[in-house]
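Colleague: dropping a prediction and its sequence here:
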Amino acid sequence: MTTSSEKTPGWLDWYADPSRPRFRLPEGAVDAHCHVFGPGAEFPYAPERKYTPCDASKEQLFALRDHLGFARNVVVQATCHGADNSAMVDALRASGGLARGVATVRPDVSDAELRELHEAGVRGVRFNFVKRLVDAAPRQDLLDVVERIAPYGWHVVVYFEAADLADLRDFFLSIRVPVVVDHMGRPDVAEDPDGPEFGAFLDFMRARPDIWCKVSCPERLSVSGPPALGGERSAYRDVVPFARRVVEEFPDRVLWGTDWPHPNLTGHMPDDGLLVDFVPCVAPTPELRHKLLVDNPMRLYWPDAG
Ligand SMILES: O=C(O)c1cc(C(=O)O)oc(=O)c1
């Protein structure tokens with residue numbers, strides 16, 4: 001429980017004046033992982049949150065979208081808002097159909113609430129297993145949520161640490177709707193991409209054709225790569241072999257997102273323009289980039305569009 005409304009000490013604010021990416025995003029590109037925070041005065045942060053962020057409004061998110069050259073957003077419910085989806089839903093409703101959402105719901109969510117979320121543009125729920133972000137929810141509760149959302153055609157987004165995959169794998173495989181993994185399951189990029197830890201992740205991806213992966217958050221995963229700051233256009237080199245491996249083996253079920261406003265970064269805050277310049281490093285051909293940025297997110301979030 002966090003009662004203070006003060007921003008968590010050490011927290012870095014999002015980058016205020018991002019550069020324009022040198023890499024031109026393909027037309028119709030989707031930022032498939034980003035958040036809104038509050039503003040806290042309008043959408044208070046959840047009492048059970050583990051951190052208090054800086055505000056990051058829908059207007060600021062949409063301005064970034066336009067500046068970077070994205071056409072659409074997928075707004076993922078951030079843990080600091082708990083299961084109160086109001087800020088995220090408010091962003092979806094204001095987007096004129098250009099944003100879809102991923103919500104957090106409890107097993108006792110009513111059908112009326114689910115219908116309302118669906119109408120607003122929610123297409124999935126998020127299950128979070130990162131201990132610094134949430135207290136663990138009972139797995140049966142999560143399976144009950146799956147039963148509630150399955151009739152809407154939604155998927156489940158999962159966020160976990162690589163070390164926990166062995167314990168979570170069977171549970172994930174028992175989820176009877178598509179599963180989308182946040183941030184590549186947080187590999188330790190100091191390890192060998194051909195080693196057992198990442199091998200276990202790739203093996204998990206192979207277990208079912210409807211397991212997707214966001215090759216996002218190099219700024220979180222990088223150990224040695226230079227940060228996307230100060231004009232650095234080859235940032236996060238140590239993450240590239242991992243992300244590229246996933247993109248090349250599973251080109252039709254990968255997604256990419258900025259993760260703006262980058263919760264819980266304390267070491268450095270990336271220039272989002274330079275972060276976009278990371279994309280061609282992990283998706284080296286125009287065909288792979290089009291799948292990653294346009295075809296795949298459109299199939300998952302806007303299946304009825306054009
Ligand atoms: O690694 C993180 O700290 C983080 C946190 C959240 C959240 O608080 O929802 O979302 C993310 O995608 C990543």
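Modeller: Happy to help now that I have it.

Colleague: make it CA atoms for all contacts and neighbour counts henceforth
Modeller: Will do.

Colleague: for stretch 240-252, buried residues please.
Modeller: Across stretch 240-252, burial judged by 16 or more other CA atoms under 10 Å covers 240-247, 250-252.

Colleague: give me the element residue 165 is part of.
Modeller: Residue 165 is part of helix 165-173, with elements assigned from DSSP states H and E.

Colleague: quick revisit: which of the buried residues of stretch 240-252 fall within strands?
Modeller: Judged by DSSP state E, the subset of the buried residues of stretch 240-252 located in strands is empty.

Colleague: picking that back up, output the helix holding residue 165 as CSV - backbone C-alpha positions only.
Modeller: The C-alpha trace of helix 165-173 is given here as CSV (Å, rounded to 0.1, in the frame of the first residue of the first chain):
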residue,chain,number,x,y,z
LEU,A,165,9.1,-18.9,-16.5
ALA,A,166,9.8,-22.5,-15.4
ASP,A,167,7.2,-22.1,-12.7
LEU,A,168,4.7,-20.2,-14.8
ARG,A,169,4.9,-22.1,-18.1
ASP,A,170,2.3,-24.8,-17.4
PHE,A,171,-0.1,-22.1,-16.1
PHE,A,172,0.4,-20.0,-19.2
LEU,A,173,-0.2,-23.0,-21.4
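
Colleague: circling back to that earlier point, can I get the buried residues of stretch 240-252 in JSON lines with pLDDT and distance to residue 130?
Modeller: Listed next are the buried residues of stretch 240-252 as JSON lines, based on pLDDT from 0 to 100; distance: CA to CA, whole Å:
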{"residue": "240", "pLDDT": "98", "distance to residue 130": "23"}
{"residue": "241", "pLDDT": "98", "distance to residue 130": "24"}
{"residue": "242", "pLDDT": "98", "distance to residue 130": "20"}
{"residue": "243", "pLDDT": "98", "distance to residue 130": "20"}
{"residue": "244", "pLDDT": "98", "distance to residue 130": "24"}
{"residue": "245", "pLDDT": "98", "distance to residue 130": "24"}
{"residue": "246", "pLDDT": "98", "distance to residue 130": "22"}
{"residue": "247", "pLDDT": "98", "distance to residue 130": "24"}
{"residue": "250", "pLDDT": "98", "distance to residue 130": "25"}
{"residue": "251", "pLDDT": "98", "distance to residue 130": "26"}
{"residue": "252", "pLDDT": "98", "distance to residue 130": "27"}
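
Colleague: tell me the one of these nearest residue 219?
Modeller: Set against residue 219, the nearest of the buried residues of stretch 240-252 by CA to CA is residue 240 (11.3 Å).
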